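**Student:** Starting from these lines, generate the structure:
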Amino acid sequence: MNYKEKTKRIAFDLDKTLYPNSPEVDREIQIQIYQKIGQYLRCSISMAENLFLRLYEKMSGSKTLINLLNIPKETAREIVQEALEKADLDRFLIPNDDTIVLLKELKNRYLSVDLITGSSKGNALQKISKLGLQDIFDHHITGEEASKSDGDAYQKWLDLYDDSDPDHFLYVGDEKSRDYQSASKFGIPVILVNQIEKDDQLDCLQLSSLLEIKDYLL
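**Tutor:** From the prediction side, this is the model:
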């Protein structure tokens, strides 16, 4: 796909898209998940961690929660999203000059650059401020306004503009379900970044880092 030719508006996910993942970030998020497991099972955090890790070796995080807590898929996803919001990530979020320059160049080239995140507005604004991106985004669509999982957030994004042709929009995220699958249902092209391994079943561009989008968009 020729993104430069068709794309007029771009939106970015926040968590693990605008900043890379790391063992430290993962650990902070996991602590929140263990606390939630402890609440469900009425056990200590250390016990919750042991129970989680036994299953996690064999399946994904969401599937581990589904099996361990006997909960629906959507509830498991909500637990993971809540962990992202509550985790104390501020000390790991620092401005990246290359990312800032990239997003400024995109903002100058395209009609709009927006943010679509499952985080709350306050949480999202705090994070993008820490990342030095507070002046980048034209619109913020946050979790309390519309859900990414059921697609409301993407419909809200399309509705912001008179030209709602999905081919003129592009979403940049990192996650298969909330980012790729949900946006694709509306015909919105997606680029996944910070991907360790490519999934051949996904019909989208998959890049190992956020900065690689420059080769396709600028």
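**Student:** where do the helices sit along this protein?
**Tutor:** Secondary structure of the chain (DSSP state H): helices at 3-6, 23-41, 45-56, 61-69, 73-86, 97-109, 121-130, 152-159, 182-184, 214-217.
**Student:** For these, could you give me a markdown table that also reports mean pLDDT, distance to Asp203 and mean neighbour count?
**Tutor:** Heads up, the C-betas are built off the backbone N, CA and C, glycines and all. Output for the helices of the chain, formatted as a markdown table (pLDDT from 0 to 100; distance: least, CB to CB, whole Å; neighbours: other CB atoms under 10 Å):
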| stretch | mean pLDDT | distance to Asp203 | mean neighbour count |
| --- | --- | --- | --- |
| helix 3-6 | 92 | 14 | 11 |
| helix 23-41 | 92 | 28 | 16 |
| helix 45-56 | 92 | 28 | 15 |
| helix 61-69 | 89 | 22 | 18 |
| helix 73-86 | 84 | 22 | 18 |
| helix 97-109 | 97 | 23 | 15 |
| helix 121-130 | 91 | 28 | 18 |
| helix 152-159 | 96 | 17 | 18 |
| helix 182-184 | 94 | 8 | 23 |
| helix 214-217 | 96 | 15 | 14 |
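**Student:** Go through those and name the closest to Leu170.
**Tutor:** With CB to CB as the criterion, Leu170 lies closest to helix 3-6 of the helices of the chain, at 6.2 Å.
**Student:** what does the closest one rub up against?
**Tutor:** Residues outside helix 3-6 that contact it (CB atoms under 8 Å, 6 or more residues apart in numbering): Asp167, His168, Leu170, Pro189, Ile191, Tyr216, Leu217, Leu218.
**Student:** And the residue nearest to the last one when sequence neighbours are not counted, how far from Gly122?
**Tutor:** Which is Leu218. Ranked by CB to CB, 6 or more residues apart in numbering and with sequence neighbours excluded, the top spatial neighbour of Leu218 is Glu105, at 5.7 Å. With distances taken as CB to CB, to the nearest Å, Glu105 is found 28 Å from Gly122.
**Student:** One more: Pro95?
**Tutor:** From Pro95 to Gly122 the distance is 20 Å (CB to CB).
**Student:** Report the contact partners of the residue lying closest to Ile136 once chain neighbours are set aside.
**Tutor:** Among residues not flanking Ile136 along the chain, Leu103 sits closest, at 4.9 Å (CB to CB, 6+ apart). Residues near Leu103 by CB under 8 Å, 6+ apart: Phe12, Val113, Leu133, Ile136.
**Student:** Lys156 too?
**Tutor:** So Lys156 contacts Ile141, Glu145, Ala146 (CB under 8 Å, 6+ apart).
**Student:** now it: how far from Ile79?
**Tutor:** Counting by CB to CB, the gap from Lys156 to Ile79 is 24 Å.
**Student:** do Thr117 as well
**Tutor:** 17 Å.
**Student:** could you dump stretch 134-146 to PDB, C-alpha only?
**Tutor:** Provided in PDB are the C-alpha atoms of stretch 134-146 (Å, rounded to 0.1, in the frame of the first residue of the first chain):
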ATOM      1  CA  GLN A 134       2.100  17.300  24.600                       C
ATOM      2  CA  ASP A 135       2.000  19.600  21.600                       C
ATOM      3  CA  ILE A 136       1.600  17.000  18.900                       C
ATOM      4  CA  PHE A 137      -1.900  15.600  18.800                       C
ATOM      5  CA  ASP A 138      -4.900  17.500  17.400                       C
ATOM      6  CA  HIS A 139      -7.400  15.200  19.200                       C
ATOM      7  CA  HIS A 140      -7.300  12.800  22.100                       C
ATOM      8  CA  ILE A 141      -9.700   9.900  22.100                       C
ATOM      9  CA  THR A 142      -9.400   8.200  25.500                       C
ATOM     10  CA  GLY A 143     -10.800   5.100  27.100                       C
ATOM     11  CA  GLU A 144     -13.400   6.900  29.100                       C
ATOM     12  CA  GLU A 145     -14.900   8.400  25.900                       C
ATOM     13  CA  ALA A 146     -14.900   5.300  23.700                       C
END
